[in-house]
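Asker: Curious how this folds, go ahead:
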Amino acid sequence: MKVTYTICKALTFLILCSCVVFSGAAAPAQDDAIGVVLEILKGDDEEMQAVAIAMVKDMAGTDVTEALAKELPNLSARSQVMLLSALSDRGDAAALPAVSAAAKAEDPSVRVAAFRALGQLGGASSVELLAQAAATTTSEERKAARDSLYRLRGADVDQTILAAIPKAEPKVRVELINAVGERNIRQGVGILLGTAKDSDRKVRIQSLRVLKGVAGPSDMPALVDLLIHAQSTSDRNEAQKTVAAVAHKIEDENRQAAAVLAVLPKVKPIPSRCSLLGVLGKIGDNTALPVLIAALKDENTEVQTASIRALSEWPTPKPINDLLKVAEGSDNKVHRILALRGFVRLLGLGSERSAEELLEMYKKAMRLAPDVGEKRRVLSGLGNVKSPAALKIAASYLDDKSLSREAGSAAVKIASGICDDFPKEAADVLKKIVAQTKETDPLRGRAQEVIDKIGQP
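Answerer: The predicted model follows:
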């Protein structure tokens, strides 16, 4: 009997809905269809509920939306979630009040479904609700609220977001600032330049991060000013990243550092000067090299340090000899080590030097390395030199327990690159590595792979 009743109910429902969907049925038939939908949603027949929800999406008319939305609070949590999804797919803003109310429901699954639906149905009026939810909820709710805040449509949504930022509490302000970035609201740059000086650290940091994307070359002077007046080390580091990112949007590579170079001579406080020198290294504009090289001889030690760090970050090997001079001749131990690390890093960048020239420079770096830690750095870089001579140098440290690991890694890397032209030399060193390492050691496995490639027993 139950099966017969279910089949009859299903057929009745499908007939009613078909009439409503396909033939524009009169109000009584439509009311009957809505009544059947709600009856099914209030029941526990999951298969029928799935059918009902599928039909709801195609039933035309604002009156249908309003009738369904009105009953939303009276359904179980599971049925509310399904109906919220269907109302979202219908795209009828008449459901907005009910969906907004559901965003405050006790059941978290209902709240999540409501937040998701708001992204489709909501507009400027939903900005505050979604931003508040993004700031105060966690996990799936926060993600749903954020995603919908970023997806809201309407001509005044962006302006509503911008207008809400100054008045919002800090954690909500952060979410609104995030939305500026996700929605790429370029007219928000002025507001973010202000919030980047906010009393709340998270607001400042997030403002700087979003400015990377929405700010443009014309904003460089203002961004540089933010860097000069950064309130803390974390602010300073983030401001450097922002200035460099926006500088790289300038098409003329020889003008990317112009805004920084223009103010540097006028800036006297040492922390601010160091910040400007540091960002020159991240920008990598060759017109800044003379300024950084001159700063290596500055009377202030902190300025010298900042210059060494900036040159060590350079995107090309151009300042490599300047770093070598510091590593060889500085009276300051910290400066020698920093310069040596920069020298080794730049050696690893693409250059026109021959393998022989690179090898000589790595030998020099190895001689300059003051301790085991620095020697390990040099050996790691040596693996990039593909020559039998480099392999020989790496192999010479295999018996040094403090360096054998880095030496082995470098040797395997070199051998892999030269094994076709120098199979015997490569195999001899690799066999030694296999003999010295445990069976479970990944280094041994990599060495054996190259031996197998060479084809030697």
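Asker: if I pick the residue nearest the centre of the chain, what's in contact with it?
Answerer: Residue closest to the average C-alpha location in the chain (CA atoms, centre = their mean): residue 209, at 10.3 Å. If you count contacts by CB atoms under 8 Å, 6 or more residues apart in numbering, residue 209 has them with 181, 238, 242. Where C-beta positions appear, they are placed from N, C-alpha and C, glycine not excepted.
Asker: What ranges does the stretch 201-350 of the chain have for its helices?
Answerer: Ranges of helices in the stretch 201-350 of the chain, per DSSP state H, counting those that start in this stretch, are 201-214, 220-228, 233-247, 258-263, 270-283, 289-295, 301-312, 320-329, 333-347.
Asker: what comes up buried for stretch 250-261?
Answerer: The neighbour-count check on stretch 250-261 (16 or more other CB atoms under 10 Å) flags 250, 256-261 as buried.
Asker: swap in stretch 367-381?
Answerer: Residues of stretch 367-381 classed as buried: 368-369, 374-381 (neighbour count, 16+ other CB under 10 Å).
Asker: can you check stretch 191-198 too?
Answerer: Neighbour counts over stretch 191-198 (16+ other CB under 10 Å) mark 191-193, 195-196, 198 as buried.
Asker: could I get those residues as JSON lines with secondary structure, pLDDT and distance to residue 313?
Answerer: Formatted as JSON lines, the buried residues of stretch 191-198 follow (DSSP: H, G, I helix; E, B strand; the rest coil; pLDDT from 0 to 100; distance: CB to CB, whole Å):
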{"residue": "191", "secondary structure": "helix", "pLDDT": "97", "distance to residue 313": "31"}
{"residue": "192", "secondary structure": "helix", "pLDDT": "98", "distance to residue 313": "26"}
{"residue": "193", "secondary structure": "helix", "pLDDT": "98", "distance to residue 313": "26"}
{"residue": "195", "secondary structure": "helix", "pLDDT": "97", "distance to residue 313": "28"}
{"residue": "196", "secondary structure": "coil", "pLDDT": "97", "distance to residue 313": "23"}
{"residue": "198", "secondary structure": "coil", "pLDDT": "96", "distance to residue 313": "29"}
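Asker: which one of the residues you listed is nearest residue 444?
Answerer: Proximity of the buried residues of stretch 191-198 to residue 444 (CB to CB) peaks at residue 196, which lies at 51.9 Å.
Asker: if we can go back for a sec, quick one: which of the buried residues of stretch 367-381 sit in strands?
Answerer: The members of the buried residues of stretch 367-381 all map outside strands under DSSP state E.
Asker: The buried residues of stretch 250-261 into JSON lines, with extra columns for distance to residue 360?
Answerer: Shown next, in JSON lines, are those (distance: CB to CB, whole Å):
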{"residue": "250", "distance to residue 360": "37"}
{"residue": "256", "distance to residue 360": "33"}
{"residue": "257", "distance to residue 360": "32"}
{"residue": "258", "distance to residue 360": "37"}
{"residue": "259", "distance to residue 360": "39"}
{"residue": "260", "distance to residue 360": "35"}
{"residue": "261", "distance to residue 360": "35"}
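Asker: Spatially, which two of these are the most separated?
Answerer: 250 and 261 (12.8 Å).
Asker: picking up where we left off before, mean pLDDT and distance to residue 393 added to the helices of the stretch 201-350 of the chain, as JSON lines?
Answerer: JSON lines is the format used below for those (pLDDT from 0 to 100; distance: least, CB to CB, whole Å):
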{"stretch": "helix 201-214", "mean pLDDT": "97", "distance to residue 393": "42"}
{"stretch": "helix 220-228", "mean pLDDT": "97", "distance to residue 393": "43"}
{"stretch": "helix 233-247", "mean pLDDT": "96", "distance to residue 393": "36"}
{"stretch": "helix 258-263", "mean pLDDT": "97", "distance to residue 393": "40"}
{"stretch": "helix 270-283", "mean pLDDT": "97", "distance to residue 393": "30"}
{"stretch": "helix 289-295", "mean pLDDT": "97", "distance to residue 393": "31"}
{"stretch": "helix 301-312", "mean pLDDT": "98", "distance to residue 393": "23"}
{"stretch": "helix 320-329", "mean pLDDT": "96", "distance to residue 393": "19"}
{"stretch": "helix 333-347", "mean pLDDT": "96", "distance to residue 393": "14"}
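Asker: Switch these over to a markdown table; also include distance to residue 163.
Answerer: Below are the helices of the stretch 201-350 of the chain laid out as a markdown table (distance: least, CB to CB, whole Å):
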| stretch | distance to residue 163 |
| --- | --- |
| helix 201-214 | 16 |
| helix 220-228 | 21 |
| helix 233-247 | 24 |
| helix 258-263 | 30 |
| helix 270-283 | 32 |
| helix 289-295 | 42 |
| helix 301-312 | 40 |
| helix 320-329 | 50 |
| helix 333-347 | 47 |
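Asker: Let me know which of those helices is the nearest to residue 139.
Answerer: Evaluated with CB to CB, these place helix 201-214 nearest to residue 139, the distance being 19.3 Å.
Asker: what's the spacing between the closest one and its chain's center?
Answerer: Computed by CA atoms, centre = their mean, to the nearest Å, the chain-centroid distance of helix 201-214 equals 13 Å.
Asker: May I see the buried residues of it?
Answerer: Neighbour counts over helix 201-214 (16+ other CB under 10 Å) mark 203-212, 214 as buried.
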